[in-house]
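A.B. asks: build the 3D model from these lines:
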Amino acid sequence: FVINYVTNPDKTDGAKYSDTELQALQDVIDYAENPSKTEERLYVTGINASPDIARDQMVMTKLQFGKTDKILAYHGYQSFLPGEVTPDMAHEIGVELAKRLWSDRFQVLVTTHLDKNHLHNHFCLNSVSFTDGNKFRGGSKAYWIMRAESDKLCKEYGLSIVENPGKGKNYAEWKAEQEGRPTIRSLIRDEIDEIIKCSYTYKDFWKILKERGYEVNNSGKYITLKPTFSQRNIR
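C.D. replies: Numbering: from 1, shown residues only. The predicted model follows:
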C-alpha cells in the first residue's frame with residue numbers, strides 16, 4: 001500500500017526540521033531496516049540513497065529545493081503468499097519494483113521483513129524528487145499504479161496476486177483465504193497491525209489510519225473501513 005506515513009502539517013520554517021520531525025522520519029527508516037526482521041540488514045537496499053545515511057540524504061534533498069512542509073515520506077508495502085518466495089527472491093522483486101516505479105526521480109529504501117510467515121517488502125520513499133524538487137503524488141492513483149506494476153512483476157515471476165480487488169468477499173476471495181493466498185482483507189489486517197506498532201496512543205491509531213486514506217464509519221453496530229482502493233466499506 002502507498003501511504004502518507006510521516007506528516008508535518010504545521011511546518012512553516014523551510015530552513016530546517018525540528019528534532020521531533022527528524023526523529024519521526026528516522027523512526028520509519030529504523031522500523032523498515034530493523035536488523036531482527038531483515039537478517040541483520042542483509043535485505044536492505046538503497047536506491048539513489050545509502051541505507052546508512054538515508055535520512056540525511058532525504059533531508060538534504062528537501063532543503064535543496066525548499067520543500068520541507070507537509071508530507072515528509074511515503075511508505076509502501078508488498079506482501080507474498082507464505083512459502084511462495086525465498087528471502088532473496090522477495091527482496092529482488094521489491095528492488096525491481098522500486099526501480100520501475102521511482103528510481104528515475106526519487107530516493108527509496110527497500111527492505112524485506114522475514115519475521116512473519118508471509119515475507120513482505122517495505123518501501124520508504126522520499127516525498128521530494130532529487131531531480132526536480134517536485135513532490136510525489138500519493139493517494140489512490142499512486143496505489144493503483146503501484147499495485148498494477150507489482151501484479152505485473154509477480155506474474156513475471158509466476159507468483160500469486162490478490163484476486164477481485166475492491167469487491168466484497170465472494171467465493172473467489174473465500175477460496176483464496178482457504179488456500180492461504182493474500183486477499184484484500186488479509187492485506188488490510190496486515191496494515192492495521194503495522195499501524196498499531198506505529199501508534200503510541202489510541203488517538204494516534206485513528207489518525208494514522210485516516211492519513212493512509214481510510215474512511216472510518218463507526219455510526220452503526222460495527223466499525224467499517226473504506227480504503228481508497230475499495231468500492232465499498234469493509235467490516
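
A.B. asks: show me where this protein dips below the pLDDT cut-off.
C.D. replies: 1-24, 39, 163-183, 229-230 (pLDDT under 70).

A.B. asks: quick one: the helices in it, in order.
C.D. replies: 19-32, 54-65, 87-102, 140-156, 171-178, 184-198, 202-211 (DSSP state H).

A.B. asks: what helices or strands is the last one leaning on?
C.D. replies: If contacts are counted by 3 or more CB pairs under 8 Å, 6 or more residues apart in numbering; DSSP states H and E, helix 202-211 sits against strand 3-8, helix 184-198, strand 215-217. (Glycine included, C-beta is placed from N, CA and C.)

A.B. asks: partner strands of the shortest one, with direction?
C.D. replies: Right, strand 215-217. strand 224-226 (antiparallel) (DSSP bridges).

A.B. asks: picking that back up, which among the helices of the chain is found nearest to H118?
C.D. replies: helix 184-198 (7.8 Å; CB to CB).

A.B. asks: that older thread, want to try JSON lines for the helices of the chain, with mean neighbour count as columns?
C.D. replies: Converted to JSON lines, these look like this (neighbours: other CB atoms under 10 Å):
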{"stretch": "helix 19-32", "mean neighbour count": "16"}
{"stretch": "helix 54-65", "mean neighbour count": "18"}
{"stretch": "helix 87-102", "mean neighbour count": "19"}
{"stretch": "helix 140-156", "mean neighbour count": "15"}
{"stretch": "helix 171-178", "mean neighbour count": "13"}
{"stretch": "helix 184-198", "mean neighbour count": "16"}
{"stretch": "helix 202-211", "mean neighbour count": "14"}
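
A.B. asks: wait, what's in contact with F130?
C.D. replies: Counting by CB atoms under 8 Å, 6 or more residues apart in numbering, F130 makes contact with 48, 61, 105-107.

A.B. asks: closest to I192 among those residues?
C.D. replies: F106 (26.6 Å).

A.B. asks: distance check, the residue positioned nearest the centre of the chain against A32.
C.D. replies: In the chain, the residue lying closest to the centroid (CA atoms, centre = their mean) is G76, at 1.7 Å. Between G76 and A32 the computed distance is 10 Å (CB to CB, to the nearest Å).

A.B. asks: who touches both of those two?
C.D. replies: H122.

A.B. asks: in the contacts of F130, find the pair that's most separated.
C.D. replies: Going by CB to CB, the pair spanning the contacts of F130 furthest: T61 and R105, at 10.6 Å.

A.B. asks: which neighbours do the two share?
C.D. replies: Joint contacts of T61 and R105 (CB under 8 Å, 6+ apart) are 129-130.

A.B. asks: the longest strand that the chain contains packs against which elements?
C.D. replies: For the chain, the longest strand by residue count, based on DSSP state E, is strand 70-79. Strand 70-79 sits against strand 3-8, helix 19-32, helix 87-102, strand 120-126, helix 140-156, helix 184-198, with contacts defined as 3+ CB pairs under 8 Å, 6+ apart.

A.B. asks: just the CA coordinates for the last one, please, in PDB.
C.D. replies: The C-alpha trace of helix 184-198 is given here as PDB (Å, rounded to 0.1, in the frame of the first residue of the first chain):
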ATOM      1  CA  ILE A 184      -7.800  -7.500   0.300                       C
ATOM      2  CA  ARG A 185      -8.900  -8.300   3.800                       C
ATOM      3  CA  SER A 186      -5.700 -10.100   4.800                       C
ATOM      4  CA  LEU A 187      -3.600  -7.100   3.500                       C
ATOM      5  CA  ILE A 188      -5.800  -4.600   5.400                       C
ATOM      6  CA  ARG A 189      -5.300  -6.700   8.600                       C
ATOM      7  CA  ASP A 190      -1.600  -6.700   8.000                       C
ATOM      8  CA  GLU A 191      -1.600  -2.900   7.500                       C
ATOM      9  CA  ILE A 192      -3.600  -2.400  10.700                       C
ATOM     10  CA  ASP A 193      -1.000  -4.500  12.600                       C
ATOM     11  CA  GLU A 194       1.700  -2.100  11.200                       C
ATOM     12  CA  ILE A 195      -0.300   0.900  12.300                       C
ATOM     13  CA  ILE A 196      -0.700  -0.400  15.800                       C
ATOM     14  CA  LYS A 197       3.100  -0.800  16.000                       C
ATOM     15  CA  CYS A 198       3.500   2.900  15.000                       C
END
